[in-house]
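Participant: coordinates only, no sequence provided:
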């Protein structure tokens, strides 16, 4: 607690309660998270590049365009390898909402040890819809060199995962 001199007002430090809440919300096996890129959806299925797209579930969603951002999450497994999940997050008036969560099987099949995930830029502003993020990993935990892979999502929502080449 902090007591200000000359007053009887007492302020409690809330950092401890915030930390406890974060531990309750974020599982211990989450090792890396990055939010980046953006997407927009007009809700008009006739304009969708995906002919199998479904109409919005709610009348509220049907009446307005949806937009949001992407999130990549590395989840550590018991053997030390990681599964990487791609989430599409909608920006709703009530707050962020998960639209979809998809495990990126390409990384799971590699049995990769993820060492970092970074967005293309950390300024939070992108001019084009989509996502570009780099995943740093090792397929052999004893290896000294790290492999870099990119996760790319274009303006249509198509996902590409490829080894970075210089």
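Facilitator: In hand now; what should we look at? It should be emphasised that the depicted structure is a prediction, and the values quoted were computed from it without experimental measurement.
Participant: which strands and helices sit next to the one helix or strand residue 38 maps to?
Facilitator: Under the criterion DSSP states H and E, the helix or strand holding residue 38 is strand 30-41. With contacts defined as 3 or more Cβ pairs under 8 Å, 6 or more residues apart in numbering; DSSP states H and E, the packing partners of strand 30-41 are strand 66-76, strand 82-92, strand 113-119, strand 131-138. (Each C-beta comes from the backbone N, C-alpha and C, glycine too.)
Participant: can you rerun that using 7 Å?
Facilitator: Under the contact definition 3 or more Cβ pairs under 7 Å, 6 or more residues apart in numbering; DSSP states H and E, strand 30-41 sits against strand 66-76, strand 113-119, strand 131-138.
Participant: show me what the longest one is packed against.
Facilitator: It refers to strand 66-76. With contacts taken as 3+ Cβ pairs under 7 Å, 6+ apart, strand 66-76 sits against strand 30-41, strand 82-92, strand 113-119.
Participant: show the average pLDDT along that strand.
Facilitator: Summarised as a single mean, pLDDT over strand 66-76 is 94.
Participant: sheet-wise, list the partners of it with their directions.
Facilitator: When pairing is defined by DSSP bridges, strand 66-76 lines up against strand 30-41 (antiparallel), strand 82-92 (antiparallel).
Participant: and the longest one, which residues are buried?
Facilitator: What that stands for is strand 30-41. The neighbour-count check on strand 30-41 (16 or more other Cβ atoms under 10 Å) flags 32, 34, 35, 36, 37, 38, 39, 41 as buried.
Participant: that strand vs strand 131-138, what angle?
Facilitator: Put simply, strand 30-41 runs at 160 degrees to strand 131-138, going by axes from the mean of the first three to the mean of the last three Cα atoms, to 10 degrees.
Participant: thinking again about what came up before, nearest to residue 95, of the buried residues of strand 30-41?
Facilitator: Nearest to residue 95, judged by Cβ to Cβ, of the buried residues of strand 30-41 is residue 35 at 14.1 Å.
Participant: what pLDDT does that closest one get?
Facilitator: Listed pLDDT for residue 35 reads 90.
Participant: check contacts around the spatially most central residue of the chain.
Facilitator: Most central in the chain under Cα atoms, centre = their mean is residue 71, positioned 1.2 Å from the mean C-alpha point. Residue 71 makes contacts with 33, 35, 87, 89, as judged by Cβ atoms under 7 Å, 6 or more residues apart in numbering.
Participant: give me the number of residues near the last one?
Facilitator: For residue 89, the number of neighbouring residues by other Cβ atoms under 10 Å comes to 18.
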